[in-house]
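[1] need a 3D model of the following:
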Amino acid sequence: MERYTAKDLGGFVNNPDTNRKVATTALCEAAGAKLTGYAGLRGKYDFMVEVEGTFEQASASGMVAVSSGAVTDFSIHEVIDLNVVAKIANKMASEYKEPGK
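    Coordinates of the predicted model:
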């Protein structure tokens, strides 16, 4: 999830037909990843990009986008299986000792 900078929001005002999905697709493909979703958002973030690829590819895409000055508040959210995490936590819980115990 990302936010546009004031400069780039001004670009939308000047050209409301701008298609950022095309540019984002090219960015992802340059990293060897595949854009699978792009959506505008209401709230703190302006848009969301869904990508098939590695964490490193997503990070590199964010590095390019942020360093260009086009976006800010870039964050990566990776889909996980909570049941797998809970099983690992279950195994760990029996070994964990609270401070002072």
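[2] grab the most central residue of this protein for me.
    With distances taken as C-alpha atoms, centre = their mean, the residue of the chain nearest its centroid is Ile76 (3.4 Å).
[3] burial count for the residue nearest to it when sequence neighbours are not counted?
    Using C-beta to C-beta, 6 or more residues apart in numbering and skipping the chain neighbours, the partner closest in space to Ile76 is Ala58 (5.0 Å). Where you see a C-beta, it was placed from the backbone N, CA and C, and this is true even at glycine. Using other C-beta atoms under 10 Å, Ala58 is surrounded by 20 other residues.
[4] go on, Ala31?
    Residues lying near Ala31 (other C-beta under 10 Å) number 20.
[5] doesn't Ser59 make contact with it?
    No. Using C-beta atoms under 8 Å, Ala31 is not in contact with Ser59, being 9.2 Å away.
[6] tell me who's in contact with the residue nearest to the centre of the chain.
    By C-beta atoms under 8 Å, 6 or more residues apart in numbering, the contact list for Ile76 reads Phe55, Ala58, Ser59, Gly62.
[7] for Ala70, same thing?
    So Ala70 contacts Tyr4, Thr5, Lys7, Asp8 (C-beta under 8 Å, 6+ apart).
[8] which stretches in the chain count as strands?
    Listed in chain order, the strands of the chain (DSSP state E) span 3-4, 34-40, 47-52, 71-72.
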